[in-house]
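A.B. asks: what's the 3D shape of this:
(4 chains)
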Number of protein chains: 2
Amino acid sequence: MARRNDHSREQLQDMALLASESIISRDGIAGLSTRKVASEIGYSAGTLYQVFNNFDDLILQLNSRTLSRLQSQLKQAKQPSAIATVISYGHTYLKFAQQQPELWHLLFEHRAANPDHKPEHLLTNIDSLFDLVKQELLGLKPLATDTDVTVAAHSLWCGVHGIAVLMLKNKLLNNSQHSAQQALDCLLNNFIQGWINQGENHA
Amino acid sequence: MARRNDHSREQLQDMALLASESIISRDGIAGLSTRKVASEIGYSAGTLYQVFNNFDDLILQLNSRTLSRLQSQLKQAKQPSAIATVISYGHTYLKFAQQQPELWHLLFEHRAANPDHKPEHLLTNIDSLFDLVKQELLGLKPLATDTDVTVAAHSLWCGVHGIAVLMLKNKLLNNSQHSAQQALDCLLNNFIQGWINQGENHA
DNA sequence: AATAGTAATTGAACGGCGTTTAATTGGCAA
DNA sequence: TTGCCAATTAAACGCCGTTCAATTACTATT
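C.D. replies: Predicted structure coming up:
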């Protein structure tokens, strides 16, 4: 066979990414392979290389999609007050990780063999996630310097991320979902309290 | 060849684990393979299966070693005061992750295809790590319930872990080591402050 | 309408992987 | 010395990502 013109390049790419997501949620990350994706969309493995540079590129584009979804969910989690918003962000992040653990975990596997051209949009998206938190932390302590707020946002969000990571590993006690929620609230409460108090001291 | 009796079972196992660590720090986690380990110790791949159930078992034993090293470093980081100890633990943990990133990262890759028999000693070791933190947090707030201290220890340590994770991904700004240190201190300070303050409120 | 050219698609191949197993053969006990 | 046992190996199996020559459907030109 050759040149079937059944699907445009964009269609092919979309079908492949969709199939990949389906395979991942069915068989896990380890179950994803070029051959499986290809057969699922009715093409041979080689054809994928017209749409993706390689397997890592496919994963990169998967991650880009996942990040976009996460981003939109976070934006919808905005609340009236700053404290409520930060807490809501945390819960949303944790829920996202719980509901699509494989796709979420794929975001942080370092498969990048060729770090030639960093995936700009990915990093941009991540930065914009941090910015969401930054704004709320600034709202809690308006007199803080931009550096302080940046560091605090990174710090807090890495903490939230860490809870999600270890929760998914079942290495957080046994009854994972409940204790993860508890740990998250504990982290958020203590951090926010510390953040506000130090603001009162310094500013 | 057969029955060379060059090495005992234990020697073989030790040689394999040592070679694996060397390969990982040279070629990364992705560069580790049974064939490579075998050839590095002068045996064929099949021989490894007399000492390990499978590849995951090898990794499990690698992780056990890594955890032991981490544990001993943390124990040495103990300081006179509780606050200083918690901070010192955090720095030690971050330094450990920085100095042997691949082995440390391997601790948290979920390759376990067969979750039949959980690696008990691994979980035991992890729990004992949390216990170290718990003791210090209890020292900071003696009237807290055991549940509260447990949740707080999990929460704080997951936060520290999250900073280490994202630091290693270079997704924490660009100048990783410096900003990771900053973020860690920020997290520790704010959390500890929050933990102490809420103690004064409640107890 | 016929033809030539282009490019999409494929199947086979390559080297690598974890794992299994029949065959081999050193070491040990009788 | 013989015979058994078990450690070791090479080959094979079915996967994997990736490449590439060959095929052939489409397109533009005549």
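
A.B. asks: Ends of stretch A:168-179, what's the gap?
C.D. replies: 12 Å (C-alpha to C-alpha, to the nearest Å).

A.B. asks: Just give the nearest non-adjacent residue to the residue in chain A that chain B sits nearest to, would you?
C.D. replies: Closest contact between chain A and chain B, by C-beta to the nearest C-beta, is at residue A:162 (2.4 Å). Using the backbone N, CA and C atoms, a C-beta is placed for each residue, glycine as well. Using C-beta to C-beta, 6 or more residues apart in numbering or on different chains and skipping residues adjacent in sequence, the residue nearest residue A:162 is residue B:162, 2.4 Å away.

A.B. asks: Please name the residues that touch that neighbour.
C.D. replies: Going by C-beta atoms under 8 Å, 6 or more residues apart in numbering or on different chains, residue B:162 touches A:157-163, A:165.

A.B. asks: go on, residue A:150?
C.D. replies: By C-beta under 8 Å, 6+ apart, residue A:150 lies in contact with A:130, A:134.

A.B. asks: circling back: so the residue of chain A closest to chain B versus residue A:136, what's the distance?
C.D. replies: To residue A:136, residue A:162 is 19 Å away according to C-beta to C-beta, to the nearest Å.

A.B. asks: which residue is nearest the middle of chain A?
C.D. replies: For chain A, the residue nearest the mean C-alpha position is residue A:67 (4.9 Å; C-alpha atoms, centre = their mean).

A.B. asks: What number of residues are in the vicinity of residue A:142?
C.D. replies: 9 (other C-beta atoms under 10 Å in any protein chain shown).

A.B. asks: where does it land on pLDDT?
C.D. replies: Listed pLDDT for residue A:142 reads 94.

A.B. asks: do the same with the one 10 residues further on
C.D. replies: Reading off the confidence values, residue A:152 has pLDDT 95.

A.B. asks: wait, it sits on residue B:189?
C.D. replies: No - the criterion here is C-beta atoms under 8 Å, and residue A:152 misses it with residue B:189 at 9.9 Å.

A.B. asks: who's more crowded, the two?
C.D. replies: residue A:152 (27 against 18).

A.B. asks: In what element of secondary structure is that one found?
C.D. replies: Per DSSP states H and E, residue A:152 falls inside helix A:146-168.

A.B. asks: Just want the angle from that helix to helix B:146-168.
C.D. replies: Comparing the axes of helix A:146-168 and helix B:146-168 via axes from the mean of the first three to the mean of the last three C-alpha atoms, to 10 degrees yields an angle of 110 degrees.

A.B. asks: Report the angle between whichever helix or strand comes after helix A:146-168 and helix B:176-202.
C.D. replies: Downstream of helix A:146-168, the first helix or strand assigned by DSSP H and E is helix A:176-202. Orientation note: helix A:176-202 sits at an angle of 90 degrees relative to helix B:176-202 (the same axes, to 10 degrees).

A.B. asks: Helix A:176-202: which residues count as buried?
C.D. replies: A:176, A:179-199 (16 or more other C-beta atoms under 10 Å in any protein chain shown).

A.B. asks: ok, and which of those residues reach DNA strand D?
C.D. replies: Applying C-beta under 7 Å from any atom of the strand to these, one finds that nothing falls near DNA strand D.

A.B. asks: quick one: stretch A:23-38 near chain B?
C.D. replies: Yes - for stretch A:23-38, a contact with chain B is found by C-beta under 8 Å from any C-beta of the partner chain, at residue A:30.

A.B. asks: now the end-to-end length of that stretch.
C.D. replies: End-to-end distance for stretch A:23-38: 11 Å, by C-alpha to C-alpha.
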